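1. Need coordinates for the below:
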Amino acid sequence: MREQISAEEAVTIGVDYGTLSGRAVVVRVRDGVQLGDAVHEYRHGVVERNLPGDSRPLPPDWALQIPEDWRDVLRHAVPAALAAAGVTPEQVTGLGTDFTACTVLPTTRGGTPLCELPQFGERPHAYPKLWRHHAAQGQADRINALAEQRGEPWPARYGGKISSEWEYAKALQLLEEDPEVYQAAERWIEAADWIVWELTGAENRNLCTAGYKGIHQPDLLPGSGRPGAEFLAALHPDFAGFTEKVEFPLSPLGARAGGLSSRAAAWTGLNEGIPVSVGNVDAHVTNAAARALEPGHLLAIMGTSTCHIMNSDRLSEVPGMCGVVADGVVPGLWGYEAGQSGVGDIFGWAARTALPEEYAREARERGISAHQLLTEKAAVQPVGAHGLVALDWHSGNRSVLVDHHLSGLLLGLTLDTRPEEIYRALLEATAFGTRTIVEAFEESGVPVTEFTVAGGLPKNAFLMQIYSDVLRRPINVIGSDQGPALGSAIHAAVAAGAYSDIRTASEEMGRVHRALYTPDPDRARAYDLLYAEYRELHDHFGRGGSGAMHRLRALRDQARTAANLPATLSDTLPDMHPDLDGVTA
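-> Residues are numbered from 1 along each chain as shown. A predicted model of the protein is given here:
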């Protein structure tokens, strides 16, 4: 039953933009109670086969989105959440948003996406590139090689390599493959900032995306705080002026970006002029929702992918990190980010490809999902009884290897191997991937003292127990099904002046259940043996022992390009596991 509140009580709204949908939540300011929420599915979802109305296939590893889908979230989810909460627009004192990252788009100087201009509507590079657009790996490789050759100081802040997912690699790909669109792009902007521009009518840039996705390190790089023109020109002569497309004063997290414009007020049904907080990344904003802001408290936001966010009072070079940024999550601390490019996506793949008709029929007859059935069957086996070990690289490796041309692997198959055993091996592989990240932190002198999970996947208790056993740690679980949206609502409360800072607001409005899962010593010892096998495969295929994965990928891309076929991710994942669309930073 929805909690009733008085007509005088203040609320804020958080809007979370995920990979497949956007969701809005209405939150009471004084204690963080969630009063109502609504979800709006993107009409176009992830554009990876072909542009709308265009039959020509996109190349391998492309993933685009449509800006109008994002506006529709404001038109539909926000009013619906307000109605579900039973509150009036007059009670809404602030609005906050978060977005997947790096999801980036080219616009005019006034903020119009180039894909919405008639002359560019059929040009794929004019569209926003989603975080899981991995077609710029070649550009990322060249950026990393040049930085190493020149002895640039900034790669150390990113674990030694930047990712193909980030702003610079995607922009260089744009320049090299469609220079006309590149020249027309007066602004190159994260979707997290663009949606705030849409809400307020004025450009604003946040410190978080600039640091983690845009190589902004002002204490290392003079001038703009970004790689200089000489470095950029060495990549491509016309890339020298790229910084002009992203340069803008950066706003601190929790600050007021501006007031809600009349146009956005008409979309949302909210009052014009209410404070809109500075944009943020879906993963990073969730720390406030989970009360995971103190040094050493690692938050794993688990959805289609997993993002690991942790604050620390010490700066260290941690291999394979997506970034370490001063004030990147909360003022006064170093914010670290790591991640796994595929987690829920991998489970969805298994449910689609390893499910025989007899299993599918049983799931239908019992009225449960394929995931529930496979989990039930997997849970009855002791650790190691399947004789399998897998590598969780179906979407490449974000941390600690930073290589999106790696691929998945399953070792130990026999004619006796059952679908649930494959499923369990994949669940375990993602836990092993997380343990690799935790060990990278600690071996680099950045201790991990507490572990909390958020997102859609913590609903699977068996999966969470695997993580606790593999990590040999208690696991806390966020007390909200809408962690990023709650985090955005918390930041909105700070921007509206209800709280003095993010930490204070988090303590009052955040939600966490501590030590819901604790490790079993016997299972933990058994998992240590499996983890040793995982690490051997991890290092062999990921650190140069074998280049087979890269060669196979190259052969795949050549064959599909020659046959004019796209390389796509499945568009059936939402039907297989709707809870996976959560945090995908």
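
2. can we go C-alpha only for contacts and neighbour counts from here?
-> Will do.

3. From one end of stretch 159-177 to the other, what's the distance?
-> Stretch 159-177 stretches 28 Å from its first residue to its last (C-alpha to C-alpha, to the nearest Å).

4. Give me the buried positions along it.
-> By neighbour count with 16 or more other C-alpha atoms under 10 Å, stretch 159-177 contains the buried residues 159-175.

5. can you check stretch 122-138 too?
-> By 16+ other C-alpha under 10 Å, the buried positions in stretch 122-138 come out as 122, 124-137.

6. Find out how far that stretch is from the centre of the chain, if you would.
-> Its chain's average C-alpha position is 16 Å from that of stretch 122-138, according to C-alpha atoms, centre = their mean, to the nearest Å.

7. Helices of the stretch 351-500 of the chain, residue ranges please.
-> For the stretch 351-500 of the chain, helices defined by DSSP state H, counting those that start in this stretch occupy the ranges 357-366, 370-379, 419-443, 461-471, 483-495.

8. would you list these in TSV and tack on mean pLDDT?
-> Output for the helices of the stretch 351-500 of the chain, formatted as TSV (pLDDT from 0 to 100):
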stretch	mean pLDDT
helix 357-366	97
helix 370-379	98
helix 419-443	98
helix 461-471	98
helix 483-495	98
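
9. which regions of the stretch 451-585 of the chain sit below the pLDDT cut-off?
-> For the stretch 451-585 of the chain, the stretches flagged by pLDDT under 70 are 566-585.

10. circling back: greatest separation within the buried residues of stretch 122-138: which pair is it?
-> Based on C-alpha to C-alpha, the longest span within those runs between Glu122 and Gln137 and measures 23.5 Å.

11. Cross the buried residues of stretch 122-138 against strands and list the overlap.
-> Among those, none falls in strands (DSSP state E).

12. Looking at these, which is nearest His40?
-> Taking C-alpha to C-alpha as the measure, His40 sits nearest to Leu130 out of the buried residues of stretch 122-138, at 17.8 Å.

13. so who does that closest one touch?
-> The contact partners of Leu130, taken as C-alpha atoms under 8 Å, 6 or more residues apart in numbering, are 19, 46, 63-65, 100-104.

14. ok so Val25 is a strand residue?
-> Yes: counting by DSSP: H, G, I helix; E, B strand; the rest coil, one finds Val25 located in a strand.

15. ok, the closest residue to it other than its chain neighbours to Pro79 distance?
-> Distance criterion C-alpha to C-alpha, 6 or more residues apart in numbering; nearest residue to Val25, sequence neighbours excluded, is Asp37 at 4.2 Å. Asp37 sits 10 Å away from Pro79, taking C-alpha to C-alpha as the criterion.

16. neighbour count winner among the two?
-> Using other C-alpha atoms under 10 Å as the criterion, Asp37 and Pro79 rank with Asp37 on top: 24 against 20.

17. so which helix or strand takes in the more buried one?
-> strand 34-41 (DSSP states H and E).

18. That strand relative to helix 483-495, how many degrees between them?
-> With axes from the mean of the first three to the mean of the last three C-alpha atoms, to 10 degrees as the basis, strand 34-41 and helix 483-495 are set at 120 degrees to each other.

19. Give the partner strands of strand 34-41 in its sheet and their orientations.
-> Sheet partners assigned to strand 34-41 using DSSP bridges are listed as strand 21-28 (antiparallel).

20. what's in contact with the partner strand?
-> For strand 21-28, the surrounding residues in contact (C-alpha under 8 Å, 6+ apart) are 9-17, 33-42, 45, 70, 73, 77-78, 81-82, 85, 482, 485-486, 489, 581.

21. What mean pLDDT does that strand get?
-> For strand 21-28, mean pLDDT is 98.

22. Tabulate the CA atom coordinates of that strand in PDB.
-> Extracted C-alpha coordinates of strand 21-28, given in PDB (Å, rounded to 0.1, in the frame of the first residue of the first chain):
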ATOM      1  CA  SER A  21      14.100   2.500 -20.600                       C
ATOM      2  CA  GLY A  22      13.800   5.500 -18.400                       C
ATOM      3  CA  ARG A  23      12.300   5.500 -14.900                       C
ATOM      4  CA  ALA A  24      11.100   8.200 -12.600                       C
ATOM      5  CA  VAL A  25      10.700   8.000  -8.800                       C
ATOM      6  CA  VAL A  26       9.000  10.400  -6.400                       C
ATOM      7  CA  VAL A  27      10.800  10.600  -3.100                       C
ATOM      8  CA  ARG A  28      10.000  12.300   0.200                       C
END
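
23. I appreciate the help and will end here.
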